[in-house]
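> Predicted model and sequence follow; I will ask about them next.
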Amino acid sequence: MTDQTLPHVSVLVVAYHSTDFIRQCVDGIAAAAPNTPYEILMIDNGGGDTEAFVRAELPQVRIVPSEGNIGFGAGNNRCAAHARGQYMMLVNPDAVPQPGALDRLVAFARAHPEAAAWGGRSYDTAGKLDPGNFLPLPTPMDFVASIVSARRLRRGGLAEDATEPGPVDVLNGGFMMVRADVWREIGGFDESFFLYSEEVDMFKRIRERGYAVLVDPGVAVVHDAGSGHSLSSSRIMFMTTGRMHYARKHFTKGGALVTGWAIWLAALKYQLLGSLLAPLLPKKRERLTAVSRAWAPVVRERRRWWAGYPAKK
């Protein structure tokens, strides 16, 4: 995009120690949008290493001043405040949109102006669909069901074998496009969510206003989810806190109470099964042990997540 061209799409990237993959992300965005004027805005929620790298190596990226680690939603809101496009496109720094993906998504959006947001499908580096493609707008009973099932019993996305576009509950937060006017109408992300479930909350509010949310399964992005250390105890704690924060915001007091105990019991299941099965299954011992250790703090330290995130001052 030249400086004289008003961007159609503002790509928002929230980085956190992302120097190992930010170049691949930026190159992927360029290959995804050969015919779409766009801009990339990045904020560094880490210690400044990614910002320094981007300033030196990727001058096409506009840097939004860092405010420290303010959270995923707040970081995107800061980028959005500087955005000039009619669409806000969120891309994780460890995600690589596939060639032509952004062009196709913009064409899809223009063909379906009744929607407020559009997305594609996220795959891991082995070509497997990311579970984040199938998030529903949750109810307390969804959390109760998770006690007895490791898989989601209810999905809010298109069927895995879908080839035609269709409506979904929630778009994958690492690759999604929202109309800029709707973004401003709802106030962007709720910044009381520090990390996790902020996109679920956003689509809850979008859907409450009667807007459609659509996915074109032909639009693809590859997301290296392993870069986020999927079984780290800190990630699991943030994810659990985000879910409980959503429950406190959107469910009744009774529903939030049911959700909290369901989350705790599901965590206990993962901790106990991991520790019990690890000695019996040598080939899976390392992963099962990691699962048990990752969920143990959720079981032991219920007070850390039970109330959700603290209110912002």
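Thanks, I have the structure now. On a predicted model such as this, the values are computed, not experimentally measured, just so you know.
> quick one, what contacts the residue of the chain positioned farthest from its centre?
Note on the chain: the largest separation between a C-alpha and the mean C-alpha position, by Cα atoms, centre = their mean, falls on L280 (34.9 Å). The neighbourhood of L280, defined by Cβ atoms under 8 Å, 6 or more residues apart in numbering, contains no residues. To be clear about C-beta, it is placed using only N, CA and C from the backbone, and glycine gets the same treatment.
> That one: which element?
Assessed by DSSP states H and E, L280 sits outside every helix and strand.
> OK, contacts around G157?
Here G157 is in contact with N133, F134, L135, V168, D169, V170, V215 (criterion: Cβ under 8 Å, 6+ apart).
> which strand in the chain runs the most residues?
Of all the segments of type strand in the chain, defined by DSSP state E, the longest one is strand 212-223.
> Give me the next element, helix or strand, following that strand.
Sequence order places helix 233-250 as the next helix or strand after strand 212-223, per DSSP H and E.
> So which bits of that next one are buried?
Residues 236-250 are the ones in helix 233-250 that count as buried (16 or more other Cβ atoms under 10 Å).
> can you tell me the average pLDDT over it?
This predicted structure assigns helix 233-250 an average pLDDT of 96.
> could you say what helices and strands it packs with?
Packing partners of helix 233-250 (3 or more Cβ pairs under 8 Å, 6 or more residues apart in numbering; DSSP states H and E): helix 140-145, helix 198-208, helix 253-277, helix 285-300.
> Deepest-packed of those, please.
Comparing the helices and strands packed on helix 233-250 by mean neighbour count (mean count of other Cβ atoms under 10 Å), helix 198-208 ranks first with a mean of 21.
> what is the rounded mean pLDDT of that one?
Confidence for helix 198-208, expressed as mean pLDDT, is 97.
> Where does pLDDT dip in this protein?
Along the chain, the parts satisfying pLDDT under 70 run over 1-4, 150-153, 225-229, 313.
> how about 50 then?
Along the chain, the parts satisfying pLDDT under 50 run over 1-4, 228.
> Got the domain ranges for it?
Here the domain parsing of the chain from automatic domain parsing is 9-228, 233-304.
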